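Visitor: mind folding the following:
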Amino acid sequence: MWGIFTYWSSIIAPCAVVIYTLILVIGYFRKKRIGSNHQENR
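Guide: Residues are numbered from 1 along each chain as shown. Modelled structure (predicted):
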């Protein structure tokens, strides 16, 4: 039972970290893009 749990956690944990990092990066670039667009409009 514990072997299966550790096996799945070892797969899910890295995937979750990658997805979380991607979300942070996308959000950062979106903010940056919106900021640059506002500066261009002014």
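Visitor: which residues of the protein score low on pLDDT?
Guide: 1, 37-42 (pLDDT under 70).
Visitor: where exactly do the helices run in it?
Guide: Taking DSSP state H as the test, the helices found in the chain are 2-41.
Visitor: pull out the buried residues from stretch 14-30.
Guide: For stretch 14-30, burial by neighbour count (16 or more other Cβ atoms under 10 Å) applies to no residue. C-beta coordinates here come from the backbone N, C-alpha and C atoms, glycine included.
Visitor: distance from the chain centre to it, please.
Guide: Centre-to-centre, stretch 14-30 and its host chain are 1 Å apart (Cα atoms, centre = their mean, to the nearest Å).
Visitor: and what of stretch 15-32?
Guide: 3 Å.
Visitor: keeping just the C-alphas, turn stretch 16-31 into PDB.
Guide: This file holds the C-alpha atoms of stretch 16-31, laid out as PDB (Å, rounded to 0.1, in the frame of the first residue of the first chain):
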ATOM      1  CA  ALA A  16       2.700  19.500  -9.900                       C
ATOM      2  CA  VAL A  17       5.900  21.500  -9.400                       C
ATOM      3  CA  VAL A  18       6.300  21.900 -13.200                       C
ATOM      4  CA  ILE A  19       2.700  23.000 -13.700                       C
ATOM      5  CA  TYR A  20       2.900  25.400 -10.700                       C
ATOM      6  CA  THR A  21       6.100  27.000 -12.200                       C
ATOM      7  CA  LEU A  22       4.500  27.300 -15.600                       C
ATOM      8  CA  ILE A  23       1.500  29.100 -14.100                       C
ATOM      9  CA  LEU A  24       3.800  31.500 -12.300                       C
ATOM     10  CA  VAL A  25       5.900  32.200 -15.400                       C
ATOM     11  CA  ILE A  26       2.800  32.700 -17.600                       C
ATOM     12  CA  GLY A  27       1.200  35.000 -15.000                       C
ATOM     13  CA  TYR A  28       4.500  37.000 -14.800                       C
ATOM     14  CA  PHE A  29       4.800  37.400 -18.600                       C
ATOM     15  CA  ARG A  30       1.100  38.400 -18.800                       C
ATOM     16  CA  LYS A  31       1.600  41.100 -16.200                       C
END
